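Novice: Give the three-dimensional model of this entry:
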Amino acid sequence: MSLRESVLFLLQNDLSHRTVHLLAKKQLSFTELQKNLQSSLRKVIHKETLSRNLHELTRLGLIYHKFERTSQSYYSYYEQAPIGKQVLDIIAKIEHVMPPAESHELEVQTT
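Specialist: Residues are numbered from 1 along each chain as shown. Predicted coordinates:
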């Protein structure tokens with residue numbers, strides 16, 4: 001997928017956009033991501049939904065899925081890929097010039 005398509009994908013998908021944004025700060029486990037996204041979006045994020053979202057973002061190359069082994073266990077983390085940062089930077093520039101649609105919506109009056 002091209003850089004342009006990745007930008008459009010994140011602009012159209014709030015869950016994916018917020019996921020990549022959260023991973024800009026630090027690597028997170030699946031559970032940490034789920035909790036942060038639920039808090040941010042103020043709604044329940046089902047494991048299946050998040051799993052599909054993470055798979056798609058990994059496929060697009062916007063995030064990495066890392067596995068680490070300690071002496072006793074395996075740990076799985078997600079982190080932002082360099083192209084993910086590049087896409088977020090482009091989106092930030094777009095939103096600076098043209099704020100999200102919600103701020104431009106006209107109030108509809110009923111009579």
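
Novice: do you know how far residue 95 is from residue 44?
Specialist: 27 Å (CB to CB, to the nearest Å). C-betas here are computed from N, CA, C, even on glycine.

Novice: Compare the two and say which is more crowded by neighbours.
Specialist: Of the pair residue 95 and residue 44, residue 95 is the one with more neighbours under other CB atoms under 10 Å, namely 12 against 9.

Novice: Please save the CA atoms from the helix or strand where the more buried one lies in CSV.
Specialist: Take DSSP states H and E as the rule and residue 95 turns out to sit in helix 82-97. The C-alpha trace of helix 82-97 is given here as CSV (Å, rounded to 0.1, in the frame of the first residue of the first chain):
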residue,chain,number,x,y,z
PRO,A,82,9.0,4.4,10.9
ILE,A,83,6.4,4.7,8.2
GLY,A,84,3.7,5.0,10.9
LYS,A,85,5.5,8.1,12.2
GLN,A,86,5.7,9.4,8.7
VAL,A,87,2.0,8.9,8.1
LEU,A,88,1.1,10.6,11.4
ASP,A,89,3.3,13.5,10.5
ILE,A,90,1.4,13.9,7.2
ILE,A,91,-1.9,13.7,8.9
ALA,A,92,-0.9,16.3,11.5
LYS,A,93,0.0,18.7,8.7
ILE,A,94,-3.3,18.0,6.9
GLU,A,95,-5.3,18.5,10.1
HIS,A,96,-3.4,21.8,10.8
VAL,A,97,-4.4,23.2,7.4
